[in-house]
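Trainee: using only what follows, build the 3D model:
(4 chains, ligands or ions: 6)
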Amino acid sequence: MSGMKKLINDPADVVSEALRGFEAAHGDRVRVDHENKIVYRKDAPRQGKVGLISGGGSGHEPMHGGLVGMGMLDAACAGEVFTSPVPDQMMAATKEVDGGAGVLHIVKNYTGDVMNFEMAAEMAAADAGTEVKSVVTNDDVAVQDSLYTAGRRGVGITVLLEKIAGAAAEQGRSLAEVADLAVKVNDNGRSMGMALTSCTVPAAGKPTFDLAENEMEVGIGIHGEPGRTRLPLAPAKEIAALLVDPVLTDLPYGDGDAVIAFVNGMGGTPLIELYLMYNEVKQLLDRAGITVARSLVGNYITSLEMAGCSVTLLKADDDLVGLWDAPVNTPGLRWGA
Amino acid sequence: MSGMKKLINDPADVVSEALRGFEAAHGDRVRVDHENKIVYRKDAPRQGKVGLISGGGSGHEPMHGGLVGMGMLDAACAGEVFTSPVPDQMMAATKEVDGGAGVLHIVKNYTGDVMNFEMAAEMAAADAGTEVKSVVTNDDVAVQDSLYTAGRRGVGITVLLEKIAGAAAEQGRSLAEVADLAVKVNDNGRSMGMALTSCTVPAAGKPTFDLAENEMEVGIGIHGEPGRTRLPLAPAKEIAALLVDPVLTDLPYGDGDAVIAFVNGMGGTPLIELYLMYNEVKQLLDRAGITVARSLVGNYITSLEMAGCSVTLLKADDDLVGLWDAPVNTPGLRWGA
Amino acid sequence: MTDVQSLDRWLRDFAEVVHDNAGLLTELDAAIGDADHGANMDRGMKAVVAALDAGFEAPDALLKKAGMTLVSTVGGASGPLYGTFFLRFGTALAGVTEIGAEDLGKALHAGVEGILARGKAELEDKTMYDAWAPALEAYDAAVADGTGAALAAAAAAAAKGRDATIPLVARKGRASYLGERSAGHQDPGATSTTLLLESAARTLS
Amino acid sequence: MTDVQSLDRWLRDFAEVVHDNAGLLTELDAAIGDADHGANMDRGMKAVVAALDAGFEAPDALLKKAGMTLVSTVGGASGPLYGTFFLRFGTALAGVTEIGAEDLGKALHAGVEGILARGKAELEDKTMYDAWAPALEAYDAAVADGTGAALAAAAAAAAKGRDATIPLVARKGRASYLGERSAGHQDPGATSTTLLLESAARTLS
Ligand SMILES: Nc1ncnc2c1ncn2[C@@H]1O[C@H](COP(=O)(O)OP(=O)(O)O)[C@@H](O)[C@H]1O
Ligand SMILES: Nc1ncnc2c1ncn2[C@@H]1O[C@H](COP(=O)(O)OP(=O)(O)O)[C@@H](O)[C@H]1O
Ligand SMILES: [Mg+2]
Ligand SMILES: [Mg+2]
Ligand SMILES: [Mg+2]
Ligand SMILES: [Mg+2]
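Mentor: Ligands and ions are numbered 1, 2, ... in the order given. Next comes the predicted model:
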């Protein structure tokens, strides 16, 4: 048991048992296909509405299962911890949520996720003739983009995208419109994350990496992987700058822009620290002349019990803010309903 | 820095900086008196509505500041980390939220909290003549109750009580009615908690206790204190029984009872584990013939970054369930609005 | 004779002692409480020192201001308890400017009664009262020898009372939640009380 | 000659090897990935073994079933990659029941082309392809000596390719996110590929 302190039974059963608890807690809004490990919006399929599907490895809760419900996802496919789901799941979900208006796959840019969703889309097209479009999120500025690499990771923007695209689908926008909007959200969003601690994949039984008491990892993703650089631990003020600066310069965001600002916890960092970080982030944005139209602070796209945080900025126009404000009713995100 | 990995600046500024971030993130619903460290519902005082005040040491977020808003608290007084607030804060808050219908103080049963609230109530009565009633929560079955001791701690029930009493006040019930209801909620609620890890008070700079890799503390409170007993780490199924059994026997809850079931994370435990725990708790309740009328799963009353969880059960009748379902709009708990 | 100047010196000295021992107090509190007693007392006494800078004419005003300041800045259990102690201590000295050993003793008794009124502790509950009680007894026994001697006796008795908290099972305060596990640890509040009396013995005469 | 029985033996042997090496594969993945490659392969090969129990008449059916099973149970990057490998490997052997060294080689090539089609890896991207590419070359060079010898050569070459991934900076898969920090670590997928070929060399002839 060394190195693993978790509220679990057999590591092999973590995902299926958590899904049972999730369904028991939220059976008013979702139903769960336990064999396929798919969380469905309870009233899916919605006739005439574009179906939204996402999925990925487990361990990022509330994303994605906790983001299923009115105004957001129609289905979420849960893989093993940090392992993308398999094509069969996405195929089944695609069929199930198709209300005649087509289905959008929201995929985070990881080799495994992309390949498994691709296979599912090929199979779904060949099989049922469902119209499927895909959007791949890749907002992580820690990774240098290049034609010759796997590209950037999809991280925090995925949560904002699922909210905004979900609202658009709820309004009755077409598959092409929702897909275009999703691409726009991804293109206008950038993120950067850091970790104070590693995390332990249940099946592995010990922390993915070791980090000394006075060290932190900067430029991490959401799979407990080490980041781009290891730095000495620093005050929140400096950490905020390490995260915000590369985000601001990458797009670039500038004086006069309005953004949706998202300070996300990696799972083991308590709210008191996330609010303290948001205070720092807000000051940096003020200094850069950037207005915060809306904000989100909390643990939404996590890496098991990792301590740390990420900052996501999304350049927002009135359409995006309106869609952000639209009612949403999921276990993880809820307002106006 | 050994032993302390936190997203903070100067440990002395943690609470005030977090409050600044909190206000920046939730300025649509709350305002913050930074000098007095009080979070107010933005539109307080509400004329004719009983004012609800709570408060306590910081480090339990979202409780209490994150529970301020329509349908819940009117004000929350934030102390230093794990240190109850001072009477001046409660006096100021009492004056500010008094809408003519009196004010209810919701106090967790800790010597410090009780004494500081008591002094405030004495001063407020002498001063402005505001009618103040107090309810003290003491739902923690880990502590043996006795006339000669400090009694049981107030833990998880405090969150449920603030929701239910908040809804009653919102409905326009009188101070006496709201206070009676609050007492009823406390009397019908019981909790038990456990920790997988300790936590670090920022000003202390190192973990409050040491726990070996294969140990857990059972019967903890919410201040990073050691629990009643140290036991070998066990599977979730056994931990659930360790928490649920003493709760069920204490009241006692029995076959045919309906409850609001609350699985709470201590701050560092990710949602995937909390849902897994809820699955275990639900099975134990099923076996005992207890119906879950409503459930709440998440990090609501925390102990900084401590890993672990607590279980709270509240015997619920139709009135309580109706009040639970009533709209609430706070940063930490929101539905129907 | 104790006067407003020596009281001022006492509280400034205690503030320094608390600051230097904050780590110790917090460590003791970590074992059976919530690891904040050092930070609490340090924050409170810093505020008291800042308040002293205003300058006071009379002992009772100075002591009541110290009490109010502790109540307003410390929080937790120790804030109301030490705050009430100084409030009642000061009130008992109303109108007195040159305080003799007898008057000081009566005022100490009044202060400790305030602690009991607030906290309802009894002997051997493993609280600061376990340092205060023997201290008052020793003070009374030595009062004829003058303030300095009486305070020295009180401080020594407080230290014994503090040490005697170690084997006790706590019945009040946070430590009571630990049940039997609270035995074997020294009470943080009894420790700060001993520091307060040791400081008094050094600065008052 | 390789037939459906020996293929069955191969996959069962590989499943055992993967199970025994799951810790190693996960540890390698922890260093430059997300600590799941061992669990992924173990879960997948257990499912393949369960599927084998149904019994198969023809090599292509058995191999395609293995591929489908891997696609359906592994997830991550390795699921589609190994799954596609076996699907194409099987498809290339349609109609063949007694597989000679030449046919086996052609089918291996087809399988690896599937990996490239899915993953678009190039040499020295620090992926399983860095084990597959030299393995195919060695196989081709030794094919005249028969299946056993060719597979032994392929396994040895794969091991060299695997070792050669250590200094590389990853350009594909999760390890690429680490940039320069990925250098100095052995690629987990190249490691499992080497295990697969070593198992083949032991079980096919
Ligand atoms: N009811 C009480 N009566 C007297 N002293 C008490 C009582 N409860 C607690 N104390 C004292 O307060 C000390 C703890 O103070 P502190 O740590 O500052 O407050 P808190 O317990 O609220 O964190 C204890 O060590 C004990 O001496
Ligand atoms: N584009 C690719 N082409 C070929 N092999 C790849 C590619 N991406 C990753 N791999 C292989 O997959 C292995 C990782 O597999 P695994 O850990 O099971 O999946 P994941 O990376 O999704 O967690 C890597 O070690 C590498 O050999
Ligand atoms: Mg993976
Ligand atoms: Mg305290
Ligand atoms: Mg304390
Ligand atoms: Mg992996």
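Trainee: neighbours around whatever residue of chain C ends up closest to ligand 3, how many?
Mentor: Nearest to ligand 3 in chain C, going by C-beta to the ion, is C:A35, at a distance of 38.9 Å. Glycine gets a C-beta too; all of them are placed from N, C-alpha and C. As a burial measure, C:A35 scores 30 neighbours (other C-beta atoms under 10 Å in any protein chain shown).
Trainee: closest point of chain A to ligand 2, which residue?
Mentor: A:G112 (3.0 Å; C-beta to the nearest ligand atom).
Trainee: ramachandran coordinates for that residue?
Mentor: phi -60, psi -50 (degrees, to the nearest 10).
Trainee: wait, what's in contact with the residue of chain C closest to ligand 3?
Mentor: Contact partners of C:A35, counting by C-beta atoms under 8 Å, 6 or more residues apart in numbering or on different chains, are B:82, B:201, B:204, B:208, B:224, C:26-27, C:29.
Trainee: tell me what the nearest residue to A:S198 once chain neighbours are set aside is bridged to.
Mentor: Leaving aside its sequence neighbours, A:S198 sits nearest to A:P207 (C-beta to C-beta, 6 or more residues apart in numbering or on different chains; 4.0 Å). Counting by DSSP bridges, A:P207 forms beta bridges with A:T200.
Trainee: tell me if the helix-or-strand element of chain A with minimal mean pLDDT is near chain D.
Mentor: Ranking every helix and strand in chain A by mean pLDDT, DSSP states H and E puts helix A:111-127 at the bottom, with a mean of 89. Yes. Residues of helix A:111-127 are located near chain D by C-beta under 8 Å from any C-beta of the partner chain, namely A:111-112, A:115-116, A:118-119.
Trainee: those residues: which ones sit near chain B?
Mentor: Taking C-beta under 8 Å from any C-beta as the test, chain B is in contact with none of those.
Trainee: out of these, who has the most neighbours?
Mentor: Greatest neighbour count in the residues of helix A:111-127 next to chain D, by other C-beta under 10 Å, goes to A:N116: 32 neighbours.
Trainee: ok, that residue - contacts?
Mentor: A:84-87, A:90, D:75-76, D:79-80.
Trainee: quick revisit: how about the residues of helix A:111-127 next to chain D in JSON lines, adding distance to C:E102?
Mentor: Formatted as JSON lines, the residues of helix A:111-127 next to chain D follow (distance: C-beta to C-beta, whole Å):
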{"residue": "A:T111", "distance to C:E102": "85"}
{"residue": "A:G112", "distance to C:E102": "83"}
{"residue": "A:M115", "distance to C:E102": "89"}
{"residue": "A:N116", "distance to C:E102": "87"}
{"residue": "A:E118", "distance to C:E102": "92"}
{"residue": "A:M119", "distance to C:E102": "93"}
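Trainee: from those residues, which are also near ligand 1?
Mentor: By C-beta under 6 Å from any ligand atom, no member of the residues of helix A:111-127 next to chain D lies near ligand 1.
Trainee: pull the most distant pair out of the contacts of A:N116.
Mentor: Farthest pair in these (C-beta to C-beta) is A:M90 and D:G76. Separation: 13.9 Å.
Trainee: and the pLDDT for residue 165?
Mentor: Since no chain was named, I'll use chain A. Model confidence at A:A165, given as pLDDT, is 98.
Trainee: other chain: chain C
Mentor: 98.
Trainee: ranges for the helices of the chain?
Mentor: All of this is about chain A. Remark: helices assigned in chain A by DSSP state H are A:14-26, A:87-97, A:111-127, A:157-170, A:175-187, A:236-250, A:271-287, A:318-325.
Trainee: my bad, chain C
Mentor: Under the criterion DSSP H, helices of chain C are mapped to C:4-20, C:22-32, C:37-52, C:59-73, C:78-91, C:101-119, C:129-142, C:147-164, C:188-203.
Trainee: can you lay out the ones you listed as a markdown table showing mean neighbour count and distance to A:E162?
Mentor: As requested, the helices of chain C are arranged in a markdown table below (neighbours: other C-beta atoms under 10 Å in any protein chain shown; distance: least, C-beta to C-beta, whole Å):
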| stretch | mean neighbour count | distance to A:E162 |
| --- | --- | --- |
| helix C:4-20 | 18 | 51 |
| helix C:22-32 | 22 | 43 |
| helix C:37-52 | 23 | 42 |
| helix C:59-73 | 23 | 46 |
| helix C:78-91 | 26 | 47 |
| helix C:101-119 | 19 | 53 |
| helix C:129-142 | 22 | 58 |
| helix C:147-164 | 22 | 59 |
| helix C:188-203 | 25 | 49 |
